[in-house]
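Enquirer: kindly return the folded structure for what I paste below:
(4 chains)
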Number of protein chains: 4
Amino acid sequence: MKALVYQGPGSRAWEEAPRPNVVDAFDAVVRITRTTICGTDLHILKGDVASVKEGRILGHEGVGVISSVGPSVRTFKNGDHVIISCITSCATCGPCRKGMPSHCEGGGWLLGNTIDGTQADYVRIPRADTSLHRVPDGADEDALVMLSDILPTGFECGVLSGTVLPGDKVAIVGAGPIGLAALLTSQLYSPAQIIAIDLDDHRLEVAKALGATHVVSSRDGKAVERVMALTRGKGVDVAIEAVGIPATFEICQDIIAAGGHLANIGVHGKSVELKLDKLWDHNVTITTRLVDTVTTPMLLESVLSGRLAPRKLITHEFELEDMMKAYDTFGDAAKSRALKVLLRAP
Amino acid sequence: MKALVYQGPGSRAWEEAPRPNVVDAFDAVVRITRTTICGTDLHILKGDVASVKEGRILGHEGVGVISSVGPSVRTFKNGDHVIISCITSCATCGPCRKGMPSHCEGGGWLLGNTIDGTQADYVRIPRADTSLHRVPDGADEDALVMLSDILPTGFECGVLSGTVLPGDKVAIVGAGPIGLAALLTSQLYSPAQIIAIDLDDHRLEVAKALGATHVVSSRDGKAVERVMALTRGKGVDVAIEAVGIPATFEICQDIIAAGGHLANIGVHGKSVELKLDKLWDHNVTITTRLVDTVTTPMLLESVLSGRLAPRKLITHEFELEDMMKAYDTFGDAAKSRALKVLLRAP
Amino acid sequence: MKALVYQGPGSRAWEEAPRPNVVDAFDAVVRITRTTICGTDLHILKGDVASVKEGRILGHEGVGVISSVGPSVRTFKNGDHVIISCITSCATCGPCRKGMPSHCEGGGWLLGNTIDGTQADYVRIPRADTSLHRVPDGADEDALVMLSDILPTGFECGVLSGTVLPGDKVAIVGAGPIGLAALLTSQLYSPAQIIAIDLDDHRLEVAKALGATHVVSSRDGKAVERVMALTRGKGVDVAIEAVGIPATFEICQDIIAAGGHLANIGVHGKSVELKLDKLWDHNVTITTRLVDTVTTPMLLESVLSGRLAPRKLITHEFELEDMMKAYDTFGDAAKSRALKVLLRAP
Amino acid sequence: MKALVYQGPGSRAWEEAPRPNVVDAFDAVVRITRTTICGTDLHILKGDVASVKEGRILGHEGVGVISSVGPSVRTFKNGDHVIISCITSCATCGPCRKGMPSHCEGGGWLLGNTIDGTQADYVRIPRADTSLHRVPDGADEDALVMLSDILPTGFECGVLSGTVLPGDKVAIVGAGPIGLAALLTSQLYSPAQIIAIDLDDHRLEVAKALGATHVVSSRDGKAVERVMALTRGKGVDVAIEAVGIPATFEICQDIIAAGGHLANIGVHGKSVELKLDKLWDHNVTITTRLVDTVTTPMLLESVLSGRLAPRKLITHEFELEDMMKAYDTFGDAAKSRALKVLLRAP
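Expert: Below is the predicted model:
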């Protein structure tokens, strides 16, 4: 089969790779019919993710059809259409029983990280029963690939951890794909204001089109004062950090109202300054979270009912075999204006 | 001034009444500019509400302008536009501190019950600081009269007590004004299905227009099996009772999924049968609640932001002085198809 | 091996039965070292539980040592000491993922019900990974048999569903084993008052010894007025129903404060009257629940740390082979004053 | 009357001051019968709290007897025994209605800060109805002075914000009065482990006596590894920061388990480093909070029922007029081993 293989920092190839087999009794092998590329994949290619070794097939998102299952798999059989969760869950360890499979003792983020991933013709999925979700008949599989990672990430780490409520004022710092996923899913809770903040005017336009009630450019360093003006000096009830650098985390601290929530989604490469001298008496809640994908059934219902339209995040479409071109496009988002690129196999 | 006065069972009059004054230091007197009639007012007129005595001015909903305030009122002054809560709250007693002003030791439901109400040119509001809400400049006051009672009732007693969540299947039994208020406000939480159930086809049409995803007639006694079919035999996550009779409470019991919530809003005149022999192991939660109006600020934000459009509940409009005609129309809802009637003074 | 076999209404025998084997890949077979008898077993013997057929080995509680495991079992191996949950959980179906294994699509209450149970030398446990809990080295296995059913039942269905909080006034109606389990576990949340109510003076004495702050006899029909007096006329914050008959459910309704919780644990054989005419505006929450045993790890930590001492529920001890005598004793609790009887094999 | 007056950095005097009167209709004047000194008072004396001006009477804790009330006060009358909350609440503003009187628009922390405080013969209490709590007949008033600030602070900012649960592993960093208040109140939720961490061996001994299951000295810089060893390498479910410096906040970050809570109580004078590069995927929740004193009724019930014994925090007792000596003792806690000093007037 063909697969996108990481060949060390800066280097990738779409090349022949051995087709995976069931190794463990709980495995399923899935033929990929849809996949996509995540910002994390670009980080890996830069060499920033130490756990990913040369020779690894990348990718942790996808929809496909089951081609074989191990003897311990109960829920799925050959031919079933499935959504692949980016998080592998055994459902039996302590963290899984607490609803936190991101820290599953034998699972967590494995795909395209410590085992081969989904940017390939086939992928092996450990613990298939609890790491896959059935695609209902007639569903739009293009849209559902957004349920592998990006929608649950925006929703769980941003919206739920930030406890967005009807009537709330919400700011989303960073209008890239993750921030936009938080933007789409926050609307499930009908906040009064959703303020999108970004350096890039085009992304702000997209945010507006996807439901932001206000957009704020942070290019001139005055985002904080604009948000404070929009909230009559009180700040926002929920600030969602969707970038992962000190500057954006600082904006979040500066715009959060007393009693507010700061939900971090961004992957941070270094520590940040936490202004406890100002915040110690501000009754704030700061959360971090690696997505658990425990809300996938809830989000799936929301997509099927039409309340959530994740297809809007897809800006470019490719054949699966055009993976290298898809990476070029996604990697040059500033120019291509790519959000999510969809790759499709028959 | 003029007022709608209860004159004993079956009898009401729009007649001259003394204009109220500030009696207690915490009072405000409000000139009514908008009011409406509640189903409860019809119950009172039938003689069903023992606490309401002859000579009482009815009405517990309204928007108006403050005309005088007692010396202990801090938040409001003459000329302020205000929404009147149907619940009077002292904010200091045990129940109020627990967020339950419906059981306020010196308040609760007083207006149009144990003291004179809002269907009049003027009304005295005790504990004004914590029983009124400021109308923001430029807001649609017609819509805001729905915040006195009906929207918080549908929202608090139905949607919040029933814990409607994104992706949920929700049934609302009874598509009268209260059920429709639950229908409108449940959409703030983006459930996947909202099934409205009623005997009356016209009300079901209205429910459909206001956002029900499915409607089910209960006229032929087969509502339960239809709901079970719509939910693939599992039942609903949330059943909201918005009628107040044993038959509708029974439907709710019969359609509730394991782990589901049954939120009672209806005012019941007699006890009901609770099928504990079936439900004891069904992991259900049943709630009752008199509205606390603690979510009025949240609902107000939702209205101002356009997420909630309560004006849709208003089917008929009258001048305040046409109160008797408004009662005729509202009282004959089967023919007039009235939901909420709006009464307006200049 | 030997086992306690149900032989139709009114009849049981301790007799030879075939030793169970691993049937399904997810099974474990456990050699029983501790077991006990539940009130439900007595109901079965009366013929009241239709799902239990003649020839069934009874019992759904126990501690033991694993003697064989199927190939899909990952967490346990031969020789491991384990607590058996009365609820079998696949951990993969919808209800299990929602934390409600009581309604597991392939599990739930199976042991001693639809498959053979724990009152035997050996028992087969389906879905062993997620239906057993490891016994820590050095733990008191006598105490831990209380974690199979009775403690999680009292805790989940009574204390958690009733949301007992520090400072609360709690009433427990029924001071049998289940009520006493609720009494012990409610103390984990430090309520201010725990009022135990029962017909039997001896049980009230036991309740007092186990931590009830007040005891109330219901023999003369004046329990309600006594509880109201103890709560200065306000009623209790939490009423826990631990009997399962209309009379006790009625007491709960009559003593619940506005805003309070009524948590039903009792197994009801018929419907009850729910006084919605009084309760519709009382802001109460009524819950039902079949135990999910999702809190077993939490309770185990509480036992190990000494915060919870379930051994106090054990009044009588027998050798496993004296099962018939143990049933006699437990079945005649009025005379024997039995709460939980412990059966022990070497 | 006499009062403890702040005379600029480093200087205080027990001197004659004018007896306060009712100024606002919502005021009460309280004759102080019990008061105490808070660590914050020492910060003020160092000149570290900019809002406190020369000439201010210090103190925000106390129990006393009402000597006069303004005309708008409804709940209290002359002669009533009351607990004074350190937080003044109007109960009507947005933050108060959200249960956050610490940020009350007209209140918050006023006493001994922006208005004269409780270390005096008399004190004026604004918004008396919602800033005082009635002392039940026969209660131990010595113990109740701990309800003004220190117990609700430890409980709300530490235990509740940290969501301590039965079975949890809890670490409290800092075993001074605030940390010990968190220690006492965390026991209301029956955690399995409570690990107290401090530099001072005597304080650790006290922590042990007050209920810590383990104590860890941080003097040699190895506290983190000791806590990790005590928790089998997983860290704690809840880390409570009760000091307010970067070093202790860092310990909390280093010992928090995945999915854990870090509840900051400490008053921080500078920003801290937040290790988001390690914590971004650790599913942690970090909270800050100024006490709201909304749990005072709950804590009062707990004290009255004997579940909570705050008197244990009192190490020294003085007559009110010996205020200067009490300050000397409390200010030299290293030598005097003072925790809370009680001052008493007849």
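Enquirer: how many other residues sit next to the closest residue to chain B within the stretch 1-150 of chain A?
Expert: For the stretch 1-150 of chain A, the residue closest to chain B is A:Pro136, as judged by Cβ to the nearest Cβ, at 11.0 Å. From N, CA and C alone the C-beta is placed, and that goes for glycine too. By the measure other Cβ atoms under 10 Å in any protein chain shown, the count of residues near A:Pro136 is 12.
Enquirer: that one: what's it in contact with?
Expert: Contacts of A:Pro136 were listed using Cβ atoms under 8 Å, 6 or more residues apart in numbering or on different chains, and they are A:Leu300, A:Leu304.
Enquirer: Provide the backbone phi and psi angles at it.
Expert: phi -70, psi 150 (degrees, to the nearest 10).
Enquirer: which positions in the stretch 151-300 of chain A make contact with chain C?
Expert: A:Val294, A:Pro297 (Cβ under 8 Å from any Cβ of the partner chain).
Enquirer: where exactly do the strands run in the stretch 151-300 of chain A?
Expert: A:169-173, A:193-198, A:214-217, A:236-241, A:256-264, A:272-274, A:285-287 (DSSP state E, counting those that start in this stretch).
Enquirer: want to throw those strands into TSV with mean pLDDT?
Expert: Putting the strands of the stretch 151-300 of chain A into TSV (pLDDT from 0 to 100) gives the following:
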stretch	mean pLDDT
strand A:169-173	98
strand A:193-198	98
strand A:214-217	98
strand A:236-241	98
strand A:256-264	98
strand A:272-274	98
strand A:285-287	98
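Enquirer: can I get the ones you listed in CSV with distance to B:Ser161?
Expert: Conversion of the strands of the stretch 151-300 of chain A to CSV gives the following (distance: least, Cβ to Cβ, whole Å):
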stretch, distance to B:Ser161
strand A:169-173, 25
strand A:193-198, 27
strand A:214-217, 33
strand A:236-241, 22
strand A:256-264, 23
strand A:272-274, 37
strand A:285-287, 25
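Enquirer: wait, which of those is closest to chain B?
Expert: strand A:193-198 (6.7 Å).
Enquirer: any part of the closest one near chain B?
Expert: Yes. Applying Cβ under 8 Å from any Cβ, one finds strand A:193-198 in contact with chain B at A:Gln193.
Enquirer: just the CA trace of that strand, in PDB.
Expert: Output of strand A:193-198 as PDB, limited to C-alpha atoms (Å, rounded to 0.1, in the frame of the first residue of the first chain):
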ATOM      1  CA  GLN A 193     -21.000  37.100  21.900                       C
ATOM      2  CA  ILE A 194     -18.300  35.100  20.300                       C
ATOM      3  CA  ILE A 195     -15.200  37.300  19.600                       C
ATOM      4  CA  ALA A 196     -12.600  35.800  17.300                       C
ATOM      5  CA  ILE A 197      -9.100  37.200  17.600                       C
ATOM      6  CA  ASP A 198      -6.300  36.600  15.100                       C
END
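Enquirer: what angle do that strand and strand A:169-173 make?
Expert: Put simply, strand A:193-198 runs at 10 degrees to strand A:169-173, going by axes from the mean of the first three to the mean of the last three Cα atoms, to 10 degrees.
Enquirer: and strand A:193-198, how far out from the chain's middle?
Expert: Distance, stretch centre to chain centre, for strand A:193-198: 19 Å (Cα atoms, centre = their mean, to the nearest Å).
Enquirer: neighbouring strands of it in the sheet, and parallel or not?
Expert: With DSSP bridges as the test, strand A:193-198 is paired with strand A:169-173 (parallel), strand A:214-217 (parallel).
Enquirer: show me what the first one is in contact with.
Expert: With contacts defined as Cβ under 8 Å, 6+ apart, strand A:169-173 is touched by A:158, A:162, A:164, A:179, A:182-183, A:186, A:191-198, A:207, A:212, A:218, A:223, A:227, A:230-231, A:234-243, A:248, A:251-252, A:255, A:257.
Enquirer: which parts of the stretch 101-250 of chain A sit against chain D?
Expert: So far as Cβ under 8 Å from any Cβ goes, the stretch 101-250 of chain A lies against chain D at A:Ser102, A:His103, A:Ser161, A:Gly244, A:Phe249.
Enquirer: related to what we said a few turns ago, need the strands of the stretch 151-300 of chain A in a markdown table (columns: mean neighbour count).
Expert: What follows is these, written out as a markdown table (neighbours: other Cβ atoms under 10 Å in any protein chain shown):
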| stretch | mean neighbour count |
| --- | --- |
| strand A:169-173 | 30 |
| strand A:193-198 | 26 |
| strand A:214-217 | 20 |
| strand A:236-241 | 30 |
| strand A:256-264 | 25 |
| strand A:272-274 | 22 |
| strand A:285-287 | 24 |
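Enquirer: of all those strands, which one comes closest to D:Val52?
Expert: With Cβ to Cβ as the criterion, D:Val52 lies closest to strand A:256-264 of the strands of the stretch 151-300 of chain A, at 21.0 Å.
Enquirer: ok, is the closest one in contact with chain D or not?
Expert: Yes. Against chain D, strand A:256-264 shows contacts by Cβ under 8 Å from any Cβ at A:Ala258, A:Gly259, A:Asn264.
Enquirer: what packs against that strand?
Expert: Counting contacts by 3 or more Cβ pairs under 8 Å, 6 or more residues apart in numbering or on different chains; DSSP states H and E, strand A:256-264 is packed against strand A:236-241, helix A:246-255, strand A:285-287.
Enquirer: output those as JSON lines; include the columns distance to chain B.
Expert: Formatted as JSON lines, the helices and strands packed on strand A:256-264 follow (distance: least, Cβ to the nearest Cβ, whole Å):
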{"stretch": "strand A:236-241", "distance to chain B": "10"}
{"stretch": "helix A:246-255", "distance to chain B": "18"}
{"stretch": "strand A:285-287", "distance to chain B": "19"}
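Enquirer: residues in contact with the residue positioned nearest the centre of chain A?
Expert: By Cα atoms, centre = their mean, the mean C-alpha position of chain A lies nearest to A:Ile150, the distance being 2.4 Å. Applying Cβ under 8 Å, 6+ apart to A:Ile150 gives the contacts A:Cys38, A:Glu61, A:Pro177, A:Ile178, A:Ala181, A:Pro310, A:Leu313, A:Lys340.
Enquirer: try it again at 6 Å.
Expert: By Cβ atoms under 6 Å, 6 or more residues apart in numbering or on different chains, A:Ile150 lies in contact with A:Pro177, A:Ala181.
Enquirer: from B:Trp14, how far off is it?
Expert: 61 Å (Cβ to Cβ, to the nearest Å).
Enquirer: same thing with A:Ala257?
Expert: Remark: distance between A:Ala257 and B:Trp14 (Cβ to Cβ) = 47 Å.
Enquirer: cool, A:Leu204 as well?
Expert: Distance, A:Leu204 to B:Trp14, using Cβ to Cβ: 56 Å.
Enquirer: same check, this time on A:Leu160
Expert: When distance is defined by Cβ to Cβ, A:Leu160 is 52 Å away from B:Trp14.
Enquirer: look at A:Pro9 and say how many residues are nearby.
Expert: 11.
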